Structure formats: C-alpha cells, structure tokens
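Chemist: I'd like to go over a predicted model; first the sequence, then the structure.
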Amino acid sequence: MPLPAVVPAPASMAAGGAPFRLSDATTLSGDADAAAGLAAAVRARTGHDIATADEPGGVELRITPGGPPESYRIDVDEASVIVTGADAVGLFYGVQTLAQLIARDGDGWVVPAVAILDAPRFPYRGVMLDVARHFHGVDTVKSLIDHAASLKLNALHLHLTDDQGWRLQLHSRPELTAVASGTSVGGDPGGFYTKDDYRAIVEHAASRHMIVVPEIDMPGHTHAVGLAYPQLAEDPVLGDDTLAAVREHGGEPPVAGVPFDGMAVGFSSLKIDDEATYDFVADVFGELTAMTPGPYLHFGGDESLSTSPEDFDVFVARVSAIIADLGKTPIAWHEAGAVKGIADTTVGQYWGYVVPQGDSDATAKAFADNAGGLILSPADAVYLDMKYPSGPDLGLVWANGPTSVERAYSWEPADVIPGVDDTGILGVEAPLWTETVRTAADVDTMAFPRIAAAAEAGWSPATGTSSLRTWASFRERVGALGPLWTAMGIGFHRSEEIPWAVE
Ligand code: TNX
C-alpha cells in the first residue's frame, strides 16, 4: 500500500489497515485550540462540521510532554484518530498533518490508517516577504502565515525597508513613514504598517506558532532613509552594477531626495562616520525590540556596494553590538560574516548558490564557527522570486534562473557549505523578493509549490536517510495536496512538473 502524502515528509510513517471513516457521528475531543484549528480545516476540506465532545472517542487531540520540541505522533485505525503533541506546537503540527491525510472515498471522507512519528530536523524554518519593493497589506501577510504554517514553517521574515520605501511606522522616527513610504517599484503605490498593523501580524503569526523576524536593511538599501533624514545618508553612488541594472530593468537612476522606483541595488549607504547614524540605529532597533516578541532582529548588511570595506566592518560591528545589547539575536546576510568584530551571537543568512561561488562559503562559515549559526537560503534553489521555466510572466532570473520545482527541491542543507553540518545550521528560509510581485495572487503563485520544497529541506530527514526524501516522492506528495491547497484558497502555480490530483 503506498504511503499517504504528507509534506514536509515526516520522520517516520507506517501505513496499513482499515481507515477511519469521518461521519456525522464523529466527535472531536481534547485541546481546545487544536480542536478549533482542526474543525476549521475539516470544514474547509470536506464541508462538514465535526462536533466537539468531552469524552475521548473518535478524534482525540492531546498534549503529552516528553518528546523533542515541536514533535507529535498520529495513530489512526478504524476506531480512532489520536494526535499527541509533545507541546502545543507539536500538536498544532500534528493537526496540519492530519488535515493533509483526510481523503475522499467515494461520497465520504476517510483518514487512512497510519502511525506517524514526527519531529523537525532544524529549529528555524522560515519564509521571507519583501514588503519594500512592493508593499503587501496585512491580509496578504496573514494568508501567507496561514499557508506557510500548514507546511510547518515557524518564522516569517519581513523585509521592511529598502531603497524603494520604509514600511513600518515608528514613533521615535515618524518621518520614515510620513515621507518615505509612498511609492513602490515601477511607480506603483506604496504603503506601510501602523504599529497596530504590525501588532496584528505578530499576534496572527503567534496563533500559528510563528515568530516574526523584522529586517531593517543597512548600511546599503537605505535610499528611503535619506528621503526622511537626509543628514544620515550619503548621496547615491552610480557604479557600474547600478547603471547596468538601470539599463536592464528601465526606470531612472537614483537621485538624492527623490523617491526611487527602479530595481537597481548597491548605490546607497548610511553615513558611517557620523554618530547621528548610531543614534538612529539605536532608536529604530530599540523601538522594534519593544514591538517584537521573537528573539531575532535582522539588520541586512547585503550588497553594500557603495560602502567601503573598512566602513562596512565598523558599521557591522557597532550595529550587531547594539542589537545584542538590546537582548536580541542579530541576523545578517552572509556578507557580514567577513567582519571580525561582529557580535558573536549573530546568525548568518546565506544567499549564495547551492554550489558556493567566490568567498560566499567562507563568509557564511564564519557564522557557524561563532555562536550564531547559519540560515540557508541558497538563491538558485529557494529564491521564490525566480521565474518558473514556464508559467506566470513574473520573476527574475539572475540566480541561475529560471528555477524549476525540481531544482528548488534537489539540494541537501548539509552539503552546501563545506565544513558546516547540522550542528552549524539553524535552519532554512525561502525568500520572496517582490520587484515583480505586486498582488496577493502573485505571492501565492510564486511561493506555491516551491515553498514546499524549502519546508521539506528545513523539516524532514536529510536526503539519503529516508525513502521519502526524493524528487520522485516529493512531486507525487505535492500533487496530492492540490485539492487541499485549493480548499485553503491558495492560488498555487499548476507547474507541469507536478502530477496534480483532481477530485
Ligand atoms: C538580491 S539576496 C537581493 C535583493 C534583491 C534580490 C532579487 C539579497 C540579500 N539581496 O536586494 O531583491 O536579489 O532577487
């Protein structure tokens, strides 16, 4: 009997025997939060309501402390479905798995007889949304949280600021949103989150057991800061890369004091020698600390092409220390790993290729050698903004693109950076940059199904250690999720690489 389709692949699964049949007599008992989540999932998938009951029998949801964090087990036979989490998160993930197991059987619905034991490989499993190149409102973000959490992702990284706009209201620095949030790439409208909006996102994420990781990118990617506080920013530097990007993508080159709506990078920098810059950094991350319950604050550090290497070192050392002194763990893109004076708790985020080019592996490895560890976001595999080989006319191609679903899947975290194995890897994150991504539908189509490949890299056993961890298995399992994703309202890309199930 083939194993039922679960994504990301569980640590262990056995199947066989008569299924559990959902009927009007089926009852749900146990943990109230998990029961509400499961009832909603069953309603979305089957159109049926299940009644809750005080007595066990039917479907039972419990928390029994003991196993690893976030772990759960599911035991299904003809008589009962029992989901047991080691903690509330584990039970939540057990419910996500159960929602995937529910299958049509003629006119009815069944849960196949299985025994699943499951726990994550890595503690950090993220998705990033760039709300700076195009602003995306609270509802879009909430949907992304719901959809990503169903794949057991537990971190939402928001890229909140860039050359094109500043998207988070801060009372300590009101000019940022008042002056520098009005536009997006291509002259599209901008926008920003009020403090209440941000709180709503954080709370919604927490209800799905996700943390929010806010990123304020610096010292480059800061043209918008210069609109609000001109004294903090250098004039744009029109280097060869910037001018080439302007030629390739169109639009005007950046001009100091004028909103930038192009796609070039690497031309802006905060003033490194001015103490006012560090007052600004302390205000911004101080206020963000009070607003953000999660442990991480991301300070960017990528593509600072117009900041001299010496200045970059000074800046990264000071900013990482400011964040660490606030009691938070700094995260930076991998370029910052070359900086000797960086706070040693800083987590690095690797965005080089699956096969590292240049010195990207050496700078990334520095984080694993320190206390922080490494988040892997190999651009030619899990960058959700790369074009698909065929399909929507969205996305970029610079990272060895276009990127097929098979390429998004076919990499092994422990094989990317020589000398960095599971002990140095904090986790995996799939970034969605939004130069070309304007709507909620665009977010869905670029993210799904490739985000499922990243989720499996972050959650499931290493390739080679499980028969489920192959492209052949993955494409079948993802295909089986098509009806569930449709019921959840996910507008996924119907890639022809995947045998999508039809009901
Ligand atoms: C590189 S990857 C960037 C972003 C762009 C992205 C587009 C990284 C750390 N920086 O500024 O939006 O490419 O794919």
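Modeler: On my side now, so go ahead. Every value quoted in this text rests on a predicted model; they were computed, and no experiment measured them. Numbers count the residues shown, from 1 in each chain.

Chemist: now do the closest residue to the ligand within the stretch 251-400 of the chain: how many residues are near it, please.
Modeler: Using CB to the nearest ligand atom, the point where the stretch 251-400 of the chain gets nearest to the ligand is Asp302, with a distance of 3.5 Å. Where you see a C-beta, it was placed from the backbone N, CA and C, and this is true even at glycine. The tally of other residues near Asp302 (other CB atoms under 10 Å) stands at 19.

Chemist: how about the contacts made by it?
Modeler: Under the criterion of CB atoms under 8 Å, 6 or more residues apart in numbering, the contact list for Asp302 reads Asp217, Gly220, His221, Trp333, Glu335, Trp351.

Chemist: dump those to CSV, plus pLDDT, distance to Ala364 and neighbour count.
Modeler: Below are the contacts of Asp302 laid out as CSV (pLDDT from 0 to 100; distance: CB to CB, whole Å; neighbours: other CB atoms under 10 Å):
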residue, pLDDT, distance to Ala364, neighbour count
Asp217, 98, 18, 26
Gly220, 97, 19, 27
His221, 98, 20, 27
Trp333, 98, 10, 23
Glu335, 95, 9, 24
Trp351, 98, 9, 23
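
Chemist: SS state for Ala441?
Modeler: The local conformation at Ala441, judged by DSSP: H, G, I helix; E, B strand; the rest coil, is helix.

Chemist: show me which residues of the stretch 151-300 of the chain sit near the ligand.
Modeler: Residues of the stretch 151-300 of the chain lying close to the ligand (CB under 6 Å from any ligand atom) are Val265.

Chemist: Val265 versus the residue in the stretch 351-500 of the chain that the ligand sits nearest to, what's the distance?
Modeler: Here the residue of the stretch 351-500 of the chain nearest the ligand is Trp433; by CB to the nearest ligand atom that distance is 3.5 Å. Taking CB to CB, to the nearest Å as the measure, Trp433 falls 10 Å from Val265.

Chemist: okay, these two: which has more neighbours?
Modeler: When neighbours are counted by other CB under 10 Å, Trp433 comes out ahead of the other of Trp433 and Val265, with 23 against 18.

Chemist: quick check: nearest residue in space to that one, chain neighbours excluded?
Modeler: Leaving aside its chain neighbours, Trp433 sits nearest to Asp385 (4.2 Å; criterion: CB to CB, 6 or more residues apart in numbering).

Chemist: tell me how many other residues crowd that neighbour.
Modeler: Look at Asp385: counted by other CB under 10 Å, it has 26 neighbours.

Chemist: so it makes contact with Pro431?
Modeler: Yes - the pair Asp385 and Pro431 passes the contact test of CB atoms under 8 Å, sitting 7.3 Å apart.

Chemist: list residues touching both of the two?
Modeler: Common neighbours of Asp385 and Pro431 are listed as Asp130 (criterion: CB under 8 Å, 6+ apart).

Chemist: any idea how far Val7 is from the ligand?
Modeler: Spatial separation of Val7 from the ligand under the definition CB to the nearest ligand atom, to the nearest Å is 25 Å.

Chemist: pLDDT averaged over stretch 469-482 - what is it?
Modeler: Looking at stretch 469-482 alone, the average pLDDT works out to 98.

Chemist: show me what counts as buried in that stretch.
Modeler: Using 16 or more other CB atoms under 10 Å as the test for burial, stretch 469-482 gives Arg469, Ser473, Phe474, Arg475, Glu476, Arg477, Val478, Gly479, Ala480, Leu481, Gly482.

Chemist: residues in contact with that stretch?
Modeler: Where contact means CB under 8 Å, 6+ apart, the residues beyond stretch 469-482 that reach it are 5-7, 9, 100, 405-406, 409-410, 449, 452-453, 456, 460-463, 467-468, 492, 494, 497-502.

Chemist: hang on, the earlier thing: contact partners for the residue of the stretch 351-500 of the chain closest to the ligand?
Modeler: By CB under 8 Å, 6+ apart, Trp433 lies in contact with Asp130, Arg133, His159, Tyr383, Asp385, Leu396.

Chemist: nearest the geometric middle of this protein, what residue?
Modeler: When CA atoms, centre = their mean is applied to the chain, the residue found nearest the centroid is Val127 (0.6 Å).

Chemist: mind listing what the helix or strand harbouring it pairs with, with the direction of each?
Modeler: Counting by DSSP states H and E, the element that carries Val127 is strand 124-130. Paired strands of strand 124-130, with direction, are strand 155-159 (parallel), strand 425-432 (parallel) (DSSP bridges).

Chemist: check which element follows the first one along the chain.
Modeler: Scanning the chain past strand 155-159 towards its C-terminal end, the next helix or strand to appear is strand 161-162 (assignment: DSSP H and E).

Chemist: can you list the strands that the helix or strand just after that next one pairs with?
Modeler: Next helix or strand after strand 161-162 toward the C-terminus (DSSP H and E): strand 165-166. With DSSP bridges as the test, strand 165-166 is paired with strand 161-162 (antiparallel).

Chemist: who touches the partner strand?
Modeler: So strand 161-162 is contacted by Asp130, Ala132, Arg133, Arg167, Leu168, Glu215, Ile216, Asp217, His221, Thr222, Ala224, Val225 (CB under 8 Å, 6+ apart).

Chemist: how many neighbouring residues does the first one have?
Modeler: As a burial measure, Asp130 scores 25 neighbours (other CB under 10 Å).

Chemist: list the contacts of it.
Modeler: Taking CB under 8 Å, 6+ apart, we find Asp130 in contact with His159, Asp162, Asp385, Pro431, Leu432, Trp433, Thr434, Val437.

Chemist: packing partners for the strand or helix carrying Leu98?
Modeler: According to DSSP H and E, Leu98 maps onto helix 88-101. Applying 3 or more CB pairs under 8 Å, 6 or more residues apart in numbering; DSSP states H and E, one finds that helix 88-101 contacts helix 32-46, strand 58-63, strand 72-76, strand 80-85, strand 114-118.

Chemist: where's the second one relative to the chain centroid, distance-wise?
Modeler: By that I understand strand 58-63. Centroid displacement of strand 58-63 relative to its chain, using CA atoms, centre = their mean, to the nearest Å, is 29 Å.
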